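Undergrad: I'd like to go over a predicted model; first the sequence, then the structure.
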Amino acid sequence: MSDTAYTTRHGLEVATEFATFVENQLLPGTGVEADRFWSGYAELLNDFVGENRDLLARREELQTKIDEWHKARGNQEWDASAYRDFLTRIGYLVPEPAAFAIDNGNVDPEIASVAGPQLVVPVSNARFALNAANARWGSLYDAAYGSDVMGPPPAGGGIDPARRDKVVVWAAKFLDDTFPLTFGSHADVTGYRADPDGLHATVDGKDVALKDPSAFVGTRQAGKDTGYVLRHNGLHVELVINSDHPIGAASKSGLRDVVMEAALTAIQDCEDSVAAVDAEDKVGVYANWLGLMKGDLTESFDKGGKTMTRRLADDRIISAPDGSTVILPGRALLLVRNVGHLMTTDAVKLNGQETPEGLMDAMVTVAAAIHDLNRSEGLGNSRAGSVYVVKPKMHGPDEAAFADRVFTKVEQVLGLPQNTVKLGLMDEERRTSANLAASINAIRNRIVFINTGFLDRTGDEIHTSMQAGAFVGRDGMRQAGWLSAYEDRNVLIGLAAGMRGKAQIGKGMWAKPDALAEMLQVKIGHPKAGANTAWVPSPTAATLHAMHYHMVNVADVQDQLAGKPVPDLDILLTPALVGDTPMSREDILREVDNSCQGILGYVVRWVDQGIGCSKVPDIDDVQLMEDRATCRISAQYMANWLEQGLITKDQVQDALRRMAAKVDSQNAGDPNYFPMAPDFDGPAFKAAEDLIFTGTKQPSGYTEPALHARRKEAKALRR
Ligand SMILES: CC(=O)SCCNC(=O)CCNC(=O)[C@H](O)C(C)(C)COP(=O)(O)OP(=O)(O)OC[C@H]1O[C@@H](n2cnc3c(N)ncnc32)[C@H](O)[C@@H]1OP(=O)(O)O
Ligand SMILES: O=CC(=O)O
Ligand SMILES: [Mg+2]
């Protein structure tokens, strides 16, 4: 039983805690009166709740028809054209729109024109959220030294001179590739100096310059540090000189660091990396976003035995060679990911019923951003005067059009010009991928990105074709035709819609946060494929991934790609089934263990501790980022294999119990941890069972309903 206290506002039952937050923290300073906010909220709900419900019912109706179609066909060979006809007939596929170009307007350059990393962070965690905002700039030396890029990460405790020297040589190579000198190498520079005609260096006693003198932006002085700021492909890099610093003292030139412009943009996430199930949790999430938009968020915490207070970083002031001042943003341009259309919240009730959580996110996150829009100085976010909302998990153009109208209404209620709110469209549900042009067209006046959220997309791939047969395992899925068609189509359809120079065409998350050497090898594939941004899980990953945007000029790649034929829809629509190439028993059972371990390792922290994103070891002890989307994949795999008779319920239950004991031991050092073994009857273990054993029935295979229900149970239990 909920013990939430309610108050009434314009016919709405509003959780008192949420009403207090809105009236005392959110609105003061926005110019929006509480009365207008609540009356507008009531209008929004009255106007859109029914349609929201209908859109969800349409998802279920289509899914039921697809399930029946597959069941009726039994073991017949895959018939792409019959399938496509069927999907067209039921309205899953809609007609392609006539050629069009997006027309968004007022978009900051970090999104429209400069290519670079996009960091994602759970906004519920203020320490991380601030760190993400400040990850606009990152030390390349620290990123390389502290990660596996230079071999197994250091144990800590003092600087290893051999490792340090290796980093310095490696970074000099990057500088030589990116900012070559007219003679010699950055590794051999004995001194840098800025003159009115540009940056000079001394190599072998000779005065040398940059091959491209225009790359020099200017000089930044910060205490004893002198920073020479360079620019390449629109991204800045600062050579930090300080011979008094231990690293600078060991360098002939005094170079103590190479600071990269790293996370150009950061997504503050209210969705899949967050566990927020009630008014209390939502207020926590909103308060952090509000602090970021007001510029006053701070967080104090203990690190290495010291108390640190983190706040938003200042802009960087540069003196240009001509004597003028250049101001570079100190913080990533922030976007906020709202939740999708599915879930409801009891924080606001209409006629006694819970209301869509997505509508609450729309009202609150946009209202918070008014503080940023109203500010003319200080720690601002959008210089173009826009609010950036990422909308996840939408199914096709009707749902995108719905979001467009919702935000128009929100703008009216909050007194903002139409299309102040820009939308990032996650291309992560199959109906959106299959109707991508129409989905973009539906929000063409707001759209600022499309992004291949391949993790959710894989979950939806399995769920949609649940009855078509058993899906190939994870290795097979990575090679599947639908996946490459999906990635390629996304870029080409985005370019055809005129996104070049106006919006981001983004690629998905690097989900192995500790495997950054591998990331450096692999993730260059994203800019090479024409993506002008791609997701990273941490500031360190952002700093390293930034190198790729120096190595590849994405605008050139996009020029070369323009007009290339888009991979056929039939490839996108063909599921990757085990079919004639069955997997070995051993491989299947290994994947069962792996999925069960991943699910349990994730849900136990979600349900018992309210942690929405975790690093969880897989069966090979590779640390993986797990969020609701990766959990969706694991759960849908298990549900599909059970449904198709590849595995039995007993096998899964056995794996869950064995893996629960393993996850318990992995968390043995956590004082806040509740073990799942030996009773296996706590809400976390039950959540894992729900996700798998009711996976065919969960809406679109989402994890939210089961996780929310079990988290609420755990909160009540432990209260
Ligand atoms: C499918 C999708 O939807 S993907 C999008 C959702 N996923 C995400 O947002 C992933 C975000 N990443 C994270 O939450 C974390 O990096 C995790 C959970 C993967 C790993 O967290 P941890 O195990 O605590 O990381 P680790 O111990 O390696 O590093 C912690 C340090 O890195 C920082 N850090 C790690 N991730 C981030 C981040 N995303 N943003 C900002 N800072 C971060 C922390 O602030 C901390 O530094 P501090 O001590 O100075 O504060
Ligand atoms: O949101 C991202 C995804 O991959 O899902
Ligand atoms: Mg997703």
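TA: Looks like it came in fine. Ligands and ions are numbered 1, 2, ... in the order given.
Undergrad: check contacts around Val120.
TA: Counting by Cβ atoms under 8 Å, 6 or more residues apart in numbering, Val120 touches 132, 266-267, 269, 273, 337, 509, 535-537. Where you see a C-beta, it was placed from the backbone N, CA and C, and this is true even at glycine.
Undergrad: correction: Val189
TA: 181, 201-203, 252-253, 255.
Undergrad: quick one: low-confidence parts of the chain?
TA: For the chain, the stretches with pLDDT under 70 are 1-2.
Undergrad: now the helices: where do they sit in the stretch 1-150 of the chain?
TA: Counting by DSSP state H, counting those that start in this stretch, one finds helices in the stretch 1-150 of the chain at the ranges 16-21, 34-73, 80-89, 109-112, 126-133, 140-146.
Undergrad: remind me what the third one packs against, helices and strands.
TA: What it means is helix 80-89. helix 34-73, helix 569-573 (3 or more Cβ pairs under 8 Å, 6 or more residues apart in numbering; DSSP states H and E).
Undergrad: do the fourth one as well
TA: Contact here means 3+ Cβ pairs under 8 Å, 6+ apart; on that basis helix 109-112 packs against strand 447-451.
Undergrad: can we see that at 7 Å?
TA: In terms of contacts (3 or more Cβ pairs under 7 Å, 6 or more residues apart in numbering; DSSP states H and E), helix 109-112 is not packed against any helix or strand.
Undergrad: what do you get for the second one?
TA: The criterion is 3+ Cβ pairs under 7 Å, 6+ apart, and the helices and strands that helix 34-73 contacts are strand 12-15, strand 353-356, helix 357-374, helix 396-414.
Undergrad: 6 Å instead?
TA: helix 396-414 (3 or more Cβ pairs under 6 Å, 6 or more residues apart in numbering; DSSP states H and E).
Undergrad: contacting residues around the helix it packs on?
TA: Identification of contacts with helix 396-414 by Cβ atoms under 6 Å, 6 or more residues apart in numbering yields 32, 40, 44, 48, 55, 362-363, 366-367, 391, 394, 418, 420-421, 431-432, 435, 438-439, 442-443.
Undergrad: filter those residues to the buried ones?
TA: Buried members of those, scored by 16 or more other Cβ atoms under 10 Å, are 32, 40, 44, 48, 55, 362-363, 366-367, 391, 394, 420-421, 431-432, 435, 438-439, 442-443.
Undergrad: from those residues, which are also near ligand 2?
TA: The subset of these within reach of ligand 2, by Cβ under 6 Å from any ligand atom, is empty.
Undergrad: what's the closest non-adjacent residue to the most centrally placed residue in the chain?
TA: Geometric centre of the chain, nearest residue: Val120, 4.1 Å, by Cα atoms, centre = their mean. Closest residue to Val120 apart from its sequence neighbours, by Cβ to Cβ, 6 or more residues apart in numbering: Ile267 at 4.6 Å.
Undergrad: burial count for Pro567?
TA: 17 (other Cβ atoms under 10 Å).
Undergrad: sorry, back to before: could you export the helices and strands packed on helix 80-89 to JSON lines, including columns for distance to ligand 3?
TA: Output for the helices and strands packed on helix 80-89, formatted as JSON lines (distance: least, Cβ to the ion, whole Å):
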{"stretch": "helix 34-73", "distance to ligand 3": "16"}
{"stretch": "helix 569-573", "distance to ligand 3": "18"}
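Undergrad: give me whichever of those is most buried.
TA: When you average the neighbours per residue for each of the helices and strands packed on helix 80-89 (mean count of other Cβ atoms under 10 Å), helix 569-573 leads with a mean of 18.
Undergrad: which helices and strands does that helix pack with?
TA: Looks like helix 569-573 contacts helix 481-496 (3+ Cβ pairs under 6 Å, 6+ apart).
Undergrad: excluding covalently adjacent residues, which one is nearest to the residue of the stretch 201-350 of the chain found nearest ligand 2?
TA: Nearest to ligand 2 in the stretch 201-350 of the chain, going by Cβ to the nearest ligand atom, is Asp272, at a distance of 5.9 Å. Distances taken as Cβ to Cβ, 6+ apart put Arg628 closest to Asp272, at 4.0 Å, once the chain neighbours are dropped.
Undergrad: now swap in His341 and tell me
TA: Going by Cβ to Cβ, 6+ apart, His341 has Gly358 as its nearest residue, at 5.2 Å.
Undergrad: what about that neighbour, how many residues nearby?
TA: 27.
Undergrad: so after the strand or helix carrying Lys166, what's the next helix or strand?
TA: If you go by DSSP states H and E, Lys166 is part of helix 161-178. Once the chain leaves helix 161-178, the next helix or strand it forms, by DSSP H and E, is strand 189-195.
Undergrad: tell me which residues of the next helix or strand after that next one come out buried.
TA: Going down the chain from strand 189-195, the next helix or strand is strand 198-203, by DSSP H and E. Across strand 198-203, burial judged by 16+ other Cβ under 10 Å covers 199-203.
Undergrad: sheet partners, orientation included, of strand 198-203?
TA: strand 189-195 (antiparallel), strand 206-209 (antiparallel) (DSSP bridges).
Undergrad: good, wrapping up.
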